[in-house]
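>>> Here is my input; please provide its structure:
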Amino acid sequence: MRPVTRVDGRAYPWGAKNVDTDIVIPAHWLKTITRSGLGRGAFETVRAEPGNLFDDPRYAGAPILIAGENFGCGSSREHAAWALADMGVRAVIAPSFSDIFSGNAIKNGIIPVVLPQDAIDRLIAVAREHPVSIDLDSMTVTTPFQDRFGFELDPFRRRCLIEGLDEVGLTLAKDTAISKFEAAADLYRPWLKRESRNEGIAVEGAGRT
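Presented below is the predicted three-dimensional model:
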């Protein structure tokens, strides 16, 4: 996962409420076993409408999405976060998120920024013509017009984003401690290691005729 400390650029000034994960990525895209290419299916039903926001050249490649309350509700599919990341979105700003989507977003390097509706309304107005900035160091969202909106994020989740740590990364960061624990277990409980070895021999022998 790529570390993220700051996201700057144009933002999709969408503001839609109760956007579920089926809108973010329709179910027929879930057959894939790779994250690559899911951006093509992101907001497919919305993009089917002429003049839709996501195909507007003014916002092409925008790294920020501004939405309404309860973003990411519905199915727990992680594909929704994969699709957003694949289309280049690094942050979503909304008044509230589904808990599962919020967790999936962070695991995929996407910042879920919670702001009140009046701040959302202001950012949508600005984003139609101007860039928006999100800073995890100062925990603020700013605009070229001196708007400054503070937001909160769980310290652990914030650290994961800044350091680029998903579950695999967090586990590997504890590699030394895990190795020490396993060595100590072998020393003080050698019978476990011996039983494990014997089980391996038994399994290997079971396949012989």
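>>> May I see the buried residues of stretch 143-150?
T143, D147, F149 (16 or more other Cβ atoms under 10 Å). Any C-beta I mention is one placed from the backbone N, CA and C, and that applies to glycine too.
>>> Now do the same contact list for the second one.
Which is D147. Taking Cβ atoms under 8 Å, 6 or more residues apart in numbering, we find D147 in contact with R122, L123, V126, V141.
>>> so what's the last one closest to, chain neighbours aside?
In other words, V141. Distance criterion Cβ to Cβ, 6 or more residues apart in numbering; nearest residue to V141, sequence neighbours excluded, is F149 at 4.5 Å.
>>> Roughly how far does that neighbour sit from R6?
15 Å (Cβ to Cβ, to the nearest Å).
>>> How is this protein partitioned into domains?
As assigned by automatic domain parsing, the chain contains the domains 6-164, 174-206.
>>> ok, for W82, nearest residue in space, not its chain neighbours?
R35 (4.2 Å).
>>> Assumed L65 was part of a strand.
Yes. Counting by DSSP: H, G, I helix; E, B strand; the rest coil, L65 is found in a strand.
>>> Surely it touches A91?
Yes. At 7.4 Å, L65 and A91 qualify as touching, with contact defined as Cβ atoms under 8 Å.
>>> More neighbours: the two, which one.
It is L65, of L65 and A91, that has more neighbours when counted by other Cβ atoms under 10 Å, with 29 against 26.
>>> and the more buried one, what does it touch?
L65 touches A11, Y12, W14, L84, V89, A91, V92, I93, counting by Cβ under 8 Å, 6+ apart.
>>> Redo those as a markdown table? Include pLDDT and distance to G109.
As requested, the contacts of L65 are exported to a markdown table (pLDDT from 0 to 100; distance: Cβ to Cβ, whole Å):
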| residue | pLDDT | distance to G109 |
| --- | --- | --- |
| A11 | 98 | 17 |
| Y12 | 98 | 18 |
| W14 | 97 | 20 |
| L84 | 98 | 10 |
| V89 | 98 | 10 |
| A91 | 98 | 10 |
| V92 | 98 | 12 |
| I93 | 98 | 16 |
